[in-house]
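>>> okay, sequence plus prediction incoming.
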Amino acid sequence: MNQAIPVFVINLARREDRLERVSHHLEERGVAFTRVDACDATKVDEAVLDGVITPAGPLGALGLGDRSCTVSHTYAWEAFLQTGARFGLMLEDDVFLSGDVSSLLRADDWIPPHVEVIKLEKFGSGISRVLLGDAEIKVPGTERALHRMYSRHVGGGAYILSRRAAQIALSYRGRMRVPIDHFLFNDTVSPVFRQLKPFIVQPAMATQRHYEYNSDIAKFGKAARPTGWRLKLRKLRRGWNEISQIHRQLVVFLTKRGAIREIFWKDSAP
């Protein structure tokens, strides 16, 4: 198909099985893609990590996996900016996409100028309630719409960036202090959330819960859980991060610019 929005799949060179799976999946969906070589937590140089993301931040100490994953996403942003496209879709290689995803990629003129980031993914298996704006834009060829995000819903498995958003995100290299999904989609700790004003597709058209992959970064991803006063301090910091956003969210809610809505995944036949 004609594809105005290029797709970039982040994949470790040693995980050919994942690449084969996602290749077949995207072929079935009628989606062409470019592979992006991921940063490997098992052999990465610490200087490479430090050049993108700090060892610790508002969420506490960060493991090699979280940091390497964040570096990998910056590689995808760079690959996107080397094209002439206005928008790019970033995918992790364990993602599962809805049958109508190709409709979203055929053109980019349906995306208004004020939309810089579009999250496609429902993260996790539990119930997710998020402060969202009303439906603003219908996704062509689907029964889905875009809603402005006013509170967090993390997960970095599938999202679209504009060129400006990618450039802004890359300008934080060396100063990122949280993993990639929090950097883009967590208003309580993100320095760019309000600047990029992310939107989300509802119902969601991507999930990472479809396949039972063993994570390559799980054993590297999380730093050791603190104990004693360090654990109490971390809880206080996270609590403060949450409280600091309440006044802004209340304004959105009370002025009826947004409402609490449940995020859910919905597939559809190709």
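Received it, and whenever you're ready, just let me know what you need.

>>> wait, doesn't residue 127 sit right on residue 265?
No - the pair residue 127 / residue 265 is not scored as a contact, 11.8 Å apart, by C-beta atoms under 8 Å. No exception for glycine: its C-beta is placed from N, CA and C like everyone else's.

>>> between the two, who's got more neighbours?
Regarding residue 127 and residue 265, a neighbour count based on other C-beta atoms under 10 Å identifies residue 265 as having more, with 19 against 8.

>>> and the pLDDT for the residue lying closest to the more buried one once chain neighbours are set aside?
With C-beta to C-beta, 6 or more residues apart in numbering as the criterion, residue 265 has its nearest non-adjacent residue at 4.0 Å, and that residue is residue 122. For residue 122, the pLDDT comes out at 95.

>>> so what's the residue count around residue 122?
Count around residue 122 with other C-beta under 10 Å applied: 26.

>>> with residue 109 instead?
Other residues close to residue 109 by other C-beta under 10 Å number 8.

>>> can you tell me the SS state at it?
coil (DSSP: H, G, I helix; E, B strand; the rest coil).

>>> quick one, phi psi at it?
Per-residue torsions, residue 109: phi -80, psi -10 (degrees, to the nearest 10).

>>> longest strand in the protein, by residue count?
Longest strand in the chain by number of residues, with DSSP state E as the criterion: strand 128-138.

>>> by contact count, what packs against the helix or strand that that strand is followed by?
Next in sequence after strand 128-138, counting helices and strands by DSSP states H and E, comes strand 145-149. Under the contact definition 3 or more C-beta pairs under 8 Å, 6 or more residues apart in numbering; DSSP states H and E, strand 145-149 sits against strand 128-138, strand 199-202.

>>> mean pLDDT lowest where, among the ones you listed?
strand 128-138 (a mean of 90).

>>> list the beta-bridge partners for residue 57.
Beta-bridge partners for residue 57, by DSSP bridges, are residue 60.

>>> no no, residue 176
residue 53.

>>> nearest to residue 187, of the helices and strands packed on strand 145-149?
Smallest distance to residue 187 across these (C-beta to C-beta): 9.0 Å, for strand 128-138.

>>> ok, residue 18 - contacts?
Residues in contact with residue 18 (C-beta atoms under 8 Å, 6 or more residues apart in numbering) are 11-12, 93-94, 213.

>>> low-confidence ranges, this structure, go.
Residue ranges of the chain with pLDDT under 70: 1, 210-258, 269-270.
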